[in-house]
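Asker: With the sequence up front, the predicted model follows.
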Amino acid sequence: MPSWGQILNEINISLQRGDRNAFDSVRLKYIKALQAKTGRNLIVYASKWTSGEAQPNMVSINDEDVHAFMEAISGLNGNDLDLMLHTGGGSAEATEAIVSYLRQKFQNIRVIIPQAAMSAGTMLACAADTIVMGKHSSIGPIDPQFILNTPNGIQAVPAHSIIEQFQKAQEEISRDPKLLNSWLPMLSQYGPALIVMCQKQIEFSETTVKSWLSNYMLKGDDKTAEKIAKFLSTHDNFKTHSKHISLTEAKELGFKIQEMEADQDLQDKILSAFHAVLLTLSSTSAVKIICNHNGNAFVKQAFIQAPIQANR
């Protein structure tokens, strides 16, 4: 398996030879190699969420992604799909729409997690028949997040944290009403209906995941499906929305996991394709890539404007 540095060197050599599309051509090369290994349709969904450089609304799962999946599915034949997934999450409603679309197009879906699929990404993985994980792979809690425009900029805020903050404010203000003025700047960034929305979203995530697990991965085992959905949506089990759940923990919960290390050649090809995707995200203006093994691609870009220099 070529390392990250070797793939980067391959891209640099192509650029020096005049290939302006080197990132795309090298990425497609390794994606095609993975698809040739599996013989299944392959779609990659990856975003630049781990570096923290891109705004959450640019890298989150959203309704625009449905159109991106339409492009990625165009021209694919067969009933089997591998979905390589690398995301920090996003909209549960958009995730539901994506799952509905994928499930109408494919009978068997295998989600491949080369690093992490968190929050709504974990929800999406719960709609698969099987999940491929390595010792380095992670899923996470499914408590939803809200993209809020706060005084500190656009932030993804977990629903449970919003509820806990309101509860803490209520408790402190009830003990000492003078603290109201201290809490007002913090609470004013939230709309009056946000608490109800948070509670509804938590319920929606849990019931949706339970339904997907019962219908696909754990068909006929409603008890385990309910246990997993309840565990993943209970904030007190994790204390933090960013908690990483390993391959071993996922198997213990009851997920059907295919271990990446069981097939060294498959692991090599998964990681090579993933490294090529990440190099595109880290070295270009791309912040999200949804593509297939035939070359169809939707690439979301974010351009950072240079600061304006004052005349002296």
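Answerer: Nice, thanks for sending it over.

Asker: which stretches of the protein form strands?
Answerer: For the chain, strands defined by DSSP state E occupy the ranges 41-47, 80-86, 108-113, 116-117, 130-133, 138-139, 145-150, 153-158, 257-259, 286-292, 297-301.

Asker: Check which helices and strands the third one sits against.
Answerer: Read it as strand 108-113. strand 80-86, helix 120-125, strand 130-133 (3 or more Cβ pairs under 8 Å, 6 or more residues apart in numbering; DSSP states H and E). For every residue, glycine as well, the C-beta is placed using N, CA and C.

Asker: Quick one: those as TSV, columns for mean pLDDT too.
Answerer: Listed next are these as TSV, based on pLDDT from 0 to 100:
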stretch	mean pLDDT
strand 80-86	98
helix 120-125	96
strand 130-133	98
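
Asker: quick one, which of the ones you listed is packed in tightest?
Answerer: helix 120-125 (a mean of 28; mean count of other Cβ atoms under 10 Å).

Asker: Can I get the strands of the chain in CSV including distance to Tyr30?
Answerer: Formatted as CSV, the strands of the chain follow (distance: least, Cβ to Cβ, whole Å):
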stretch, distance to Tyr30
strand 41-47, 10
strand 80-86, 11
strand 108-113, 13
strand 116-117, 20
strand 130-133, 16
strand 138-139, 22
strand 145-150, 31
strand 153-158, 30
strand 257-259, 20
strand 286-292, 12
strand 297-301, 14
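
Asker: How about the contacts made by the spatially closest residue to Leu213 that is not a sequence neighbour?
Answerer: Of all residues not flanking Leu213 in the chain, Ala225 sits nearest, at 3.6 Å (Cβ to Cβ, 6 or more residues apart in numbering). Residues near Ala225 by Cβ atoms under 8 Å, 6 or more residues apart in numbering: 210, 213-214, 218.

Asker: same deal with Pro177?
Answerer: By Cβ under 8 Å, 6+ apart, Pro177 lies in contact with nothing.

Asker: I'd like to know which helix or strand in the protein has the lowest mean pLDDT.
Answerer: When the helices and strands of the chain are scored by mean pLDDT, DSSP states H and E, strand 145-150 comes last with a mean of 64.

Asker: before we move on, the earlier item: top of the contacts of Ala225 by neighbour count?
Answerer: Leu213 (25 neighbours; other Cβ atoms under 10 Å).

Asker: For it, give its distance to Val196.
Answerer: Between Leu213 and Val196 the computed distance is 27 Å (Cβ to Cβ, to the nearest Å).

Asker: ditto for Gly220
Answerer: 35 Å.

Asker: Check what pLDDT the closest residue to Met133 other than its chain neighbours gets.
Answerer: Of all residues beyond its chain neighbours, the one nearest Met133 is Leu247 (4.2 Å), with distances taken as Cβ to Cβ, 6+ apart. Confidence at Leu247, expressed as pLDDT, is 96.

Asker: The one 5 residues further on too?
Answerer: The model reports Glu252 with a pLDDT of 96.

Asker: burial of it, as a residue count?
Answerer: So Glu252, with other Cβ under 10 Å, has 11 neighbours.

Asker: So it versus Ser246, what's the distance?
Answerer: Distance from Glu252 to Ser246, by Cβ to Cβ: 9 Å.

Asker: Identify the residues contacting Asn296.
Answerer: Taking Cβ under 8 Å, 6+ apart as the criterion, Asn296 is in contact with 71-72, 74-75.

Asker: And Phe204, how far from Tyr101?
Answerer: Here Phe204 is placed at a distance of 18 Å from Tyr101 (Cβ to Cβ).

Asker: Flag the shaky bits of the stretch 51-200 of the chain, pLDDT-wise.
Answerer: Low-confidence segments of the stretch 51-200 of the chain (pLDDT under 70): 144-157, 160-161, 163-167, 170, 183, 185-192.

Asker: what about 80?
Answerer: 52, 56, 143-200 (pLDDT under 80).

Asker: The nearest residue to Asn79 once chain neighbours are set aside and Lys135, how far apart?
Answerer: Excluding the flanking residues, the one nearest Asn79 by Cβ to Cβ, 6+ apart is Gln107, at 4.0 Å. Using Cβ to Cβ, Gln107 is found at 30 Å from Lys135.

Asker: And for stretch 3-22, what's in contact with it?
Answerer: By Cβ under 8 Å, 6+ apart, the residues outside stretch 3-22 that reach it are 2, 23, 25-26, 30, 272, 275-276, 278-279, 283.

Asker: Which of those fall within helices?
Answerer: Secondary structure from DSSP state H places 23, 25-26, 30, 272, 275-276, 278-279, 283 of the contacts of stretch 3-22 in helices.

Asker: Out of these, which end up buried?
Answerer: Neighbour counting by 16 or more other Cβ atoms under 10 Å classes 23, 26, 30, 272, 275-276, 278-279 among the ones in helices among the contacts of stretch 3-22 as buried.
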